[in-house]
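> Sharing a model that was predicted from the sequence below.
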Amino acid sequence: MSRTILVNEAIRFGVPEGDIILDAALSQGVVLPHQCRGASCGMCKARVTQGTVDNGWSLGLAISDQEIAEGFCLMCQARPLSAEVHLRTVQPIPGGEGSAVQSFEARVLCNTPLTPRVRRLVLQASEPLRFEAQAGAYVELALPGLSPHRRYSLATVPSSTGLIELLVARHPGGAASGHIHDLLQPGDSVGVTGPYGTCRLPEGEGTVLGLAGGTGLAPVLSIMEDALAHGDISPMTLLFSVRDDAELMLMDRLAGLARAHPNFRYALLVTEARSRFCMKQQYAPSWLRENHGSLAGARAVIGGSPGFVAACSDTCIALGMESTAISADSFTPVAQT
Amino acid sequence: MPDPQTLLAEIKAAPGIDGPNIFPLEWPVETPKLYDIYDAARDPGWSPHTLAWDTLRVEDYSLDQRYAMAYWFSLLAVFDGSGPSVFARAMIHTYESKEEDPVRKCFFSVVRDEMNHEEVCGRAIKRLTPGGPLGYVPETPLGHLARNNIEWLYYNGSRYWTGFKNGVDKYPLAILFTSFLFGEVASSTLFHGMYQRTTIPVFKEAFKRIGQDEGRHLGICLAVLQKLLPVLTEEDKQMISIQLRAGFVFLSGILHEPPEQFWKLPPTFIPAQRQIDEVARSAGLGILTLDERKANWKTAVLRMKANLDPYGIEFPALPEVGIEGKEVVFDPEKVIPIF
């Protein structure tokens, strides 16, 4: 007897009795988010909103006992037990709106300094391509003679104009960032592949915190900007953390958002120098603890270095935020070649 | 040129081929899911040589911290470094025993992944102790202890390799894969813990990437076992119980501490390793405490047990982590499990 699965209230397919949900979907050409198929990566995690499943194998790496108790399952191991099961995926469905990966050439329209360390790079996707992505995505740039491709988060959501905006920080000795900062000129072509990435605004209705360190501002700002543009009325605060005043950037966009949306505000943190924008030197975890007694029910989008992301994430959880209510985009410079 | 019809009248049948042999060639497919996993594994998405090794500044660490971290990667390499050879050998076995094509291909992808994992170990060791793991002169007592321990690890690794060679060709796929599953459970548990705990960026990414690979290997093992476990013979089940005990003993060498049944070690080994653990932990390598390792290992083993119980496989007693079960005789000549 076949069971019926309805994913995100949009995709319906049958699963033969005893079969695994993801296996059945893929065998019928239904694409669902997944990666390892071994209960290890968590890409296929979904909440069971109706019906029951047998959770099957799990080491507890990708899904905790608490999450299982809360009704989550891994589609790569779960088997439906009821005649109809409704699922809501944690990750967006590949091939869904604006998520199809493409490779194309793009022309540099603009490469200007925002701070002594960061340049704003704007690319125009080649015609007649329509490049669309969800807020929080990143792309890979193929730069001449450099391997592997370098990844940069989108600082805005590409519209039908095909414009791609990136923030590129110079890393000491970094071959790619050095090339972009010193050599890349308007009119040059670069290879682009994307969009990739799963950093998204976590679902829910609670307060939204955007925590951005340095160029981690790109995904956080684009996600919050996109949500506001779509009429999200959740209270939103964007915390932008830099080492000194000279690293502050995109202040006009932040101020503009605050003017246009009463539910959006932003705060600046300067961590290693006296600042005219904040009263004291402070790190994001300390700011969080000072400004939030509890983050239960809140959601967070975090962008920045691995250390920044880990510190903010740990603090949010310590203050009561659910780990599933946190979405992060962490970057690490790659080795030069 | 002779007419094909004329030649056909004169053809002679080729001699039969005694197995096990890789010939004749054919490409049967019984489990399409394995092809999907293999397709997903064609590009693992990372490479050891592009990790940010330049951010690992050895001068930031004391000599003992360097020796201790290099020691841990040497310990890891006893398992991960054996991966390419072990799986390459197993891949040949799958060809000789005419396993379905996607199984052979999945083994190939695992060989490639394991090659990447041992490269991470090698690069870390060479960067932390140039000439290492053995070709340098330690300048501290802890460094000498680490070197001595590594020599003992390699001796035990050689015994493991002999056991593997003796065992691999004897067993049917279900037994091999149950053993490999144990290895993947162990490695997923280990690398997940180290990824979460390490504060050194290059190792954090490496552990994450390796963990993702191991997760895919887990997927391969599960896909094969979902097909094989329901049709096991009683003899297979008994042999799996024995292999699980062997796997636990061998893998405890890194998931917890090496038990005596397989590991032949001097009395200085464990006290030295405990001190080395402490020093490597102080450097931020992300080594869990002994109690944490034991708890993680027990949890992983229990989850594995829960998934094998429905198939009538009696889980062996693992008193080292407080798990009751079937008493089985451990035979070091039949050791199969690996990472």
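Structure's in. What do you need?

> Okay, now the unreliable bits of the chain?
The chain I'm using is chain A. Filtered on pLDDT under 70, chain A yields the residue ranges A:1, A:94-100, A:127-130, A:147-148, A:158-161, A:331-337.

> that answer is for a different chain, and I need it for chain B
Residue ranges of chain B with pLDDT under 70: B:330, B:332-339.

> Next up, the contacts around the one residue in it that gets nearest to chain A.
Residue of chain B nearest chain A, by CB to the nearest CB: B:Gly215 (2.5 Å). Where C-beta positions appear, they are placed from N, C-alpha and C, glycine not excepted. B:Gly215 is in contact with A:Gln35, A:Cys36, A:Gly38, A:Ala39, A:Ser40, A:Cys41, A:Leu61, A:Ala62, B:Ser188, counting by CB atoms under 8 Å, 6 or more residues apart in numbering or on different chains.

> Residues of the stretch 201-339 of chain B that sit close to chain A?
B:201, B:204-205, B:211-212, B:214-223, B:226, B:299-300, B:303, B:307 (CB under 8 Å from any CB of the partner chain).

> Which ones among these map onto helices?
In this view, those that belong to helices under DSSP state H are B:201, B:204-205, B:211-212, B:214-223, B:226, B:299-300, B:303, B:307.

> quick one: secondary structure of the residue most central in space within chain A?
Taking CA atoms, centre = their mean, the centroid of chain A lies closest to A:Cys199, which sits 1.7 Å from it. Secondary structure assignment for A:Cys199 (DSSP: H, G, I helix; E, B strand; the rest coil): coil.

> wait, it sits on A:Ala328?
Yes. Here A:Cys199 lies in contact with A:Ala328, judged by CB atoms under 8 Å, at a distance of 6.3 Å.

> Which neighbours do the two have in common?
Counting by CB under 8 Å, 6+ apart, the contacts common to A:Cys199 and A:Ala328 are A:Val301, A:Gly303.

> before we move on, the earlier item: chain B versus the residue nearest to the centre of chain A, what's the distance?
Noted for A:Cys199: a distance of 16 Å to chain B, by CB to the nearest CB, to the nearest Å.

> who's in contact with that residue?
By CB under 8 Å, 6+ apart, the contact set of A:Cys199 is A:Gly136, A:Ala137, A:Ser153, A:Pro219, A:Ile223, A:Val301, A:Gly303, A:Ser327, A:Ala328, A:Asp329.

> just the contacts of B:Gly215 now: which is nearest A:Ile5?
A:Ile5 lies nearest to A:Ala39 out of the contacts of B:Gly215, by CB to CB, at 18.4 Å.

> Find the residue closest to that closest one in space, skipping its chain neighbours.
A:Ser58 (4.7 Å; CB to CB, 6 or more residues apart in numbering or on different chains).

> Now do the helices in the stretch 1-150 of chain B.
Under the criterion DSSP state H, counting those that start in this stretch, the stretch 1-150 of chain B contains helices at B:4-10, B:32-41, B:63-80, B:83-96, B:101-128, B:141-168.

> For whichever residue of chain A sits closest to chain B, grab the count of nearby residues.
Here the residue of chain A nearest chain B is A:Ser40; by CB to the nearest CB that distance is 2.5 Å. Applying other CB atoms under 10 Å in any protein chain shown, we find 29 residues neighbouring A:Ser40.

> Report the contact partners of it.
A:Leu59, A:Leu61, A:Ala62, B:Ser188, B:His192, B:Gly211, B:Gln212, B:Glu214, B:Gly215, B:Arg216, B:Leu218, B:Gly219.

> Return the closest of these with respect to A:Leu250.
The closest of those to A:Leu250 turns out to be B:Gln212 (CB to CB; 33.1 Å).

> Thanks a lot, catch you later.
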